[in-house]
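1. just coords:
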């Protein structure tokens, strides 16, 4: 009984540390959840008209920051294609710190899931949206408010557990 | 996984004189790059710039400040800090700008908020708890007294040992 208190404290500490092992220390939660999507006004890739945050309102939409030089983007790409083609999810692609030519070549090679493709060549939109690596995907509701941010490649699990319910969309 | 095109980092290898040169050159270039960003600032502004950039975390490397890191995002943020200093924004406004986008984690000195209270007070509390525990332990063991020995009984106990072969 003498050791009851230290043992309990130890168990408590182990529980806390064990929980910590399930967390990703590199993940930086976004302060933009629940806030309106930050404004941008950028040219599109392969289209004349510019695209702005206003264009993102009116329906739930995914905004996916990606780049042709990004390895993780290749990992999530098949799933994004599935979402766009099989489930009709609207994905707006933000080509981050990339050239139009490289971006288009990459999409030609791997397939294009983006209903709209925006060129964020200098990363200015990325800076305002708190992007610190690619890929990152933001989920916007119809009012243009950010309701979820997926840091890193989009996974089926993240889609099923967090995003599909928010968009009231079908799940694979 | 998130990736940027990885910058090459100079590594120190061995003690041969030739091997420190790439490292030295690399470091000079990184420092030069960081200060080249700041070419248009006057002395006061430069000081503010250096202070701010050393207190903002680079989110790509995460254990470096944006003044040390040569990640592209760090360069972008350094430029933002420089431009905002030149535009006359205060340090608090610039910090707000960065935390509005990246959260409190980007500041090396997070603000004192209910959420960060445990972060700030935790170590101090931990030390106090440890001292209290040590104090309680010492007090409890002071209560134990040695049994009083009778001199005669002690001799009797010891004598059999002296006679043993």
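-> Looks like it came in fine. Predicted model only: the values in this text are computed from it and were never measured.

2. use CA for all of it now, contacts and neighbours both
-> OK.

3. so residue B:75 makes contact with residue B:60?
-> No: under the criterion of C-alpha atoms under 8 Å, residue B:75 makes no contact with residue B:60, lying 11.3 Å away.

4. need the contact list for residue A:20.
-> By C-alpha atoms under 8 Å, 6 or more residues apart in numbering or on different chains, the contact list for residue A:20 is empty.

5. if you could redo that for residue A:37, that was the one I meant.
-> Neighbour list for residue A:37: A:53, A:129, A:140, A:144-146 [criterion: C-alpha under 8 Å, 6+ apart].

6. now those as CSV including distance to chain B and secondary structure?
-> Formatted as CSV, the entries for those read as follows, by distance: C-alpha to the nearest C-alpha, whole Å; DSSP: H, G, I helix; E, B strand; the rest coil:
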residue, distance to chain B, secondary structure
A:53, 16, helix
A:129, 6, helix
A:140, 16, strand
A:144, 17, coil
A:145, 15, strand
A:146, 13, strand
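
7. got a PyMOL select line for the buried ones in the residues you listed?
-> Command for PyMOL, covering only those of the contacts of residue A:37 found buried under the criterion 16 or more other C-alpha atoms under 10 Å in any protein chain shown:
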select buried, chain A and resi 129+140+144+145+146
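
8. so where's the chain shaky on pLDDT?
-> In the absence of a named chain, this looks at chain A. Under the criterion pLDDT under 70, the flagged ranges of chain A are A:169-172.

9. let's do chain B instead
-> Where chain B drops to pLDDT under 70, the residues are B:1-19, B:26, B:28-39, B:144-145, B:160-165.

10. tell me which stretches of it form strands.
-> Taking DSSP state E as the test, none of chain B falls into strands.

11. helices of that one, residue ranges please.
-> B:20-37, B:43-55, B:72-86, B:91-102, B:117-142, B:151-163 (DSSP state H).

12. which strand or helix spans residue A:117?
-> When elements are assigned from DSSP states H and E, residue A:117 belongs to strand A:116-120.

13. contact partners for residue A:98?
-> Contacts for residue A:98 were tallied using C-alpha under 8 Å, 6+ apart; they are A:67-69, A:119-122.

14. could I get the helices of chain B as a markdown table with mean neighbour count and distance to chain A?
-> Converted to a markdown table, these look like this (neighbours: other C-alpha atoms under 10 Å in any protein chain shown; distance: least, C-alpha to the nearest C-alpha, whole Å):
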| stretch | mean neighbour count | distance to chain A |
| --- | --- | --- |
| helix B:20-37 | 15 | 16 |
| helix B:43-55 | 17 | 16 |
| helix B:72-86 | 19 | 7 |
| helix B:91-102 | 17 | 5 |
| helix B:117-142 | 12 | 10 |
| helix B:151-163 | 9 | 32 |
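
15. who in chain A is up against chain B?
-> Within chain A, the residues that sit near chain B (C-alpha under 8 Å from any C-alpha of the partner chain) are A:26, A:28-32, A:69-72, A:127-135, A:151-153.

16. give me that answer again for 6 Å
-> Chain A has residues A:31, A:72, A:128, A:130, A:133-134, A:152 near chain B, with proximity defined as C-alpha under 6 Å from any C-alpha of the partner chain.

17. now the two most distant members of those residues.
-> A:31 and A:72 (23.1 Å; C-alpha to C-alpha).

18. more neighbours, these two?
-> Comparing residue A:31 with residue A:72 by other C-alpha atoms under 10 Å in any protein chain shown, the one with more neighbours is residue A:72, at 20 against 16.

19. any idea which element that one lies in?
-> Under the criterion DSSP H and E, the helix or strand holding residue A:72 is helix A:71-87.

20. could you find the closest non-adjacent residue to the spatially most central residue of chain A?
-> The residue lying closest to the centre of chain A (C-alpha atoms, centre = their mean) is residue A:137, at 1.1 Å. Excluding its sequence neighbours, the residue lying closest to residue A:137 (C-alpha to C-alpha, 6 or more residues apart in numbering or on different chains) is residue A:64, at 4.3 Å.
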